[in-house]
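Novice: How does the following fold in three dimensions:
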Amino acid sequence: MNTIKKIPNSVLLIASCYVPVLVWWISLTLRGVTETNENYIFGIVLGLLTIICGITGLTKSKGWGYFSSNIGRFIIFLSSGFIAWGIGTLIIGYFNIVLDQVYPYPSIADLAYILSWP
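Specialist: Numbering: from 1, shown residues only. This next block holds a predicted model:
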């Protein structure tokens, strides 16, 4: 008897977003495109995807008991790092696309990146 396990919707969502972003990244790399609006939009999409993954991880940590287990804590901290990294990437995209300037260094984006460290 063949039994097929149902793939969770969150995994399908992440995979359906990951594959096109991966193809886009390969395309940017092979074409040697740098410092264009396409790169900045790619950064925003990558930041959004990372935030979505982080939020998904936070919701999945419930199944591991949140802070009551080592794996639950691991998932929470990893997911929080994803969210912080995604926010930093969105801030850089805001500077590049909306304000049309190179982001200042140091900036609020760097604070978000520092928060993503383990």
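
Novice: got the contact list for the residue positioned nearest the centre of the chain?
Specialist: To find the centre residue of the chain, average its C-alpha atoms and take the closest one (CA atoms, centre = their mean): that gives residue 50, at 1.1 Å. Residues in contact with residue 50 (CB atoms under 8 Å, 6 or more residues apart in numbering) are 82-83, 85-86, 89. All C-beta spots, glycine's among them, are computed from the backbone N, C-alpha and C.

Novice: mind checking pLDDT for the residue nearest to residue 88 when sequence neighbours are not counted?
Specialist: Nearest residue to residue 88, sequence neighbours excluded (CB to CB, 6 or more residues apart in numbering): residue 112, at 3.4 Å. Reported pLDDT at residue 112 in the predicted model: 82.

Novice: can you check residue 46 too?
Specialist: Reported pLDDT for residue 46: 89.

Novice: give me the element it is part of.
Specialist: Assigned by DSSP states H and E, residue 46 falls within helix 37-60.

Novice: ditto for residue 77
Specialist: Once you assign secondary structure using DSSP H and E, residue 77 falls within helix 70-93.

Novice: in the host helix or strand of the residue nearest to residue 88, what counts as buried?
Specialist: Residue 112 belongs to helix 108-115 when elements are defined using DSSP H and E. Using 16 or more other CB atoms under 10 Å as the burial criterion, the residues of helix 108-115 that qualify are 109, 112-113.
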